[in-house]
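Visitor: Just a sequence and a predicted model for now, questions to come.
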Amino acid sequence: MTDSSDRDPSRRVFVQGTLLAAAAATLSGAACSRKRESAKVAAESPSTPKLGWAIVGLGKFATEQLLPAFQHCQRSRLAAFVSGSPDKAKRLAGRYGVDEKAVYGYETFDKLAQDRSVDVVYVVLPNSMHAEYTQRAFRAGKHVMCEKPMALNEAECSAMIAAGKAAGKRLMIAYRAQFEPHNRAAIELVRAGELGRVKLVIADHCRTIDPKEPADQWRIRRAMSGGGSLVDIGIYSLQAARYIFGEEPTEVSAQLASTPNDPRFMEVEESAVFSLRFPNGGLANCSSSYGTTNVKRYRVIGEKGYADLDPATSYEGNVLRVAKDGKPEPREVPTTNQFAAEIDHLSECIQLGKEPRTPGEEGLRDVRIMQAIYASAREGKAVKLA
Ligand code: NAD
């Protein structure tokens with residue numbers, strides 16, 4: 001009889017881990033704890049099989065950040081590409097050691113179902129395509145990492161979550177800042193009470209959008225992006241407020257603005273400012289813009305001190321300073337590749353049967369709050385969140 005775990009590497013590791021854990025459970029005392037330790041090491045050793053990832057959409061972010069990050073992964077390897085440009089995909093396949101036979105087009109995407117080298121599909125497409133390709137990946141029997149923002153609206157997010165549950169596969173939203181060491185350090189120092197009770201978070205994410213850049217062309221088309229600076233980069237401000245407070249906002253107030261007659265902002269907002277009220281007396285004041293110099297920062301202000309992350313959400317070079325008695329001191333944080341950490345996190349969750357830190361429900365929460373931000377701006381009043 002063939003063990004089905006032969007065909008599914010994630011199941012194989014899970015079965016291995018389960019058997020080792022079961023063996024450890026039959027032993028007692030020191031021997032037991034030694035065995036348990038070795039079971040843990042076995043499950044996490046460098047010989048742990050790497051899961052195969054298919055990257056869907058070989059655009060700017062995928063080619064410049066994600067593909068190079070796989071060399072730093074311990075649990076994940078590039079296994080397939082899905083692209084509308086076969087020549088580009090084959091060139092990248094050669095560079096990254098992906099079999100040419102594992103290069104698919106959008107029209108042949110569903111053939112991934114027969115490709116046993118692929119365990120996980122990473123959707124790195126324009127926002128309007130996230131829901132469709134996530135659901136198709138689940139129908140092909142794969143786990144899914146989906147880029148932010150999760151989708152255009154709550155209904156799409158709910159359909160994606162339901163499709164994952166129906167397929168019995170994991171869904172994770174690619175919130176890389178939650179795997180970035182400076183942001184992790186900020187969360188930890190807040191939880192440890194270093195700043196006293198946190199009362200305020202001030203977060204800004206801004207850049208200049210350039211329609212000459214292909215990656216920016218779909219971002220200014222509402223049907224493809226779902227919104228302007230808020231959904232693209234304001235989402236980092238929103239995320240920071242939520243993960244720093246560690247609670248869900250109960251109310252939002254917002255305003256939007258665009259430079260009159262700027263052709264970039266005929267369909268989507270240039271700038272957004274929004275405030276969030278948190279249940280334990282905290283407030284966040286957040287902004288985003290597509291019409292300014294680059295800013296990616298936030299400040300956390302507590303009773304006993306404050307923490308500045310500036311930049312907070314760059315691909316590299318983030319800086320954390322912590323001020324007590326008004327004196328900001330740089331905090332040394334060992335750097336790691338945030339993309340590799342994020343990608344390996346999902347592989348680890350699949351292998352060990354755990355729920356990802358940023359599941360589909362996390363993406364849905366942000367989409368719901370951003371819809372409330374738009375409603376508040378439209379109606380000119382605060383909007384309560386259920
Ligand atoms: P991009 O335009 O460079 O890449 C999109 C890819 O989708 C391209 O390869 C394009 O050819 C392909 N595509 C397929 N069908 C398309 C269509 N109908 N119209 C346009 N493109 C089509 O964009 P990007 O900046 O790489 O963004 C892709 C996704 O990644 C977005 O959801 C974005 O929000 C997300 N992103 C995340 C981060 C992050 O830090 N997590 C950073 C940048 C982008």
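Guide: Done, it's in.

Visitor: Would you map the helices across the protein?
Guide: Taking DSSP state H to define them, one finds helices in the chain at 9-25, 29-44, 60-61, 67-69, 86-96, 130-139, 154-167, 181-191, 214-217, 222-225, 229, 235-245, 338-352, 360-379.

Visitor: Single out the most deeply packed of the ones you listed.
Guide: helix 229 (a mean of 29; mean count of other Cβ atoms under 10 Å). Every residue, glycine included, has its C-beta placed from N, CA and C.

Visitor: Give the rounded mean pLDDT of it.
Guide: For helix 229, the mean pLDDT works out to 99.

Visitor: ok, the closest residue in space to Val103 that isn't next to it in sequence - contacts?
Guide: Leaving aside its chain neighbours, Val103 sits nearest to Ala89 (4.6 Å; criterion: Cβ to Cβ, 6 or more residues apart in numbering). Contacts of Ala89 were listed using Cβ atoms under 8 Å, 6 or more residues apart in numbering, and they are Leu58, Phe81, Val82, Ser83, Val103.

Visitor: Which one of the helices of the chain lies nearest to Cys206?
Guide: Ranking these by proximity to Cys206 (Cβ to Cβ) places helix 229 first, at 7.3 Å.

Visitor: what's the neighbour count on the closest residue to Glu251 other than its chain neighbours?
Guide: Using Cβ to Cβ, 6+ apart and skipping the chain neighbours, the partner closest in space to Glu251 is Arg277 (4.2 Å). Counted by other Cβ atoms under 10 Å, the residues lying close to Arg277 total 16.

Visitor: just checking, Arg277 touches Glu247?
Guide: No. At 10.5 Å, Arg277 does not count as touching Glu247 under the criterion of Cβ atoms under 8 Å.

Visitor: so what's the residue of the stretch 51-200 of the chain found nearest the ligand scoring on pLDDT?
Guide: The stretch 51-200 of the chain approaches the ligand most closely through Gly59 (1.8 Å), counting by Cβ to the nearest ligand atom. Predicted confidence (pLDDT) for Gly59: 98.

Visitor: Next, it: phi, psi?
Guide: Geometry field for Gly59 lists phi and psi as phi -90, psi -160, criterion degrees, to the nearest 10.

Visitor: show me what contacts it?
Guide: Contacts of Gly59 by Cβ under 8 Å, 6+ apart are Val124, Leu125, Pro214, Ala215.

Visitor: List phi and psi for the second one.
Guide: The reference is to Leu125. Main-chain torsions, Leu125, degrees, to the nearest 10: phi -100, psi 170.

Visitor: Quick check: it touching Ala131?
Guide: No. Using Cβ under 8 Å, Leu125 is not in contact with Ala131, being 10.2 Å away.

Visitor: Skipping adjacent residues, who's closest to the closest residue to the ligand within the stretch 201-350 of the chain in space?
Guide: At 3.4 Å from the ligand, Ala215 is the closest residue in the stretch 201-350 of the chain, using Cβ to the nearest ligand atom. Using Cβ to Cβ, 6+ apart and skipping the chain neighbours, the partner closest in space to Ala215 is Lys60 (4.1 Å).

Visitor: Pull the contacting residues for that neighbour.
Guide: Lys60 touches Glu213, Pro214, Ala215, counting by Cβ under 8 Å, 6+ apart.

Visitor: So for Val103, what's the pLDDT?
Guide: pLDDT, read off for Val103, is 98.
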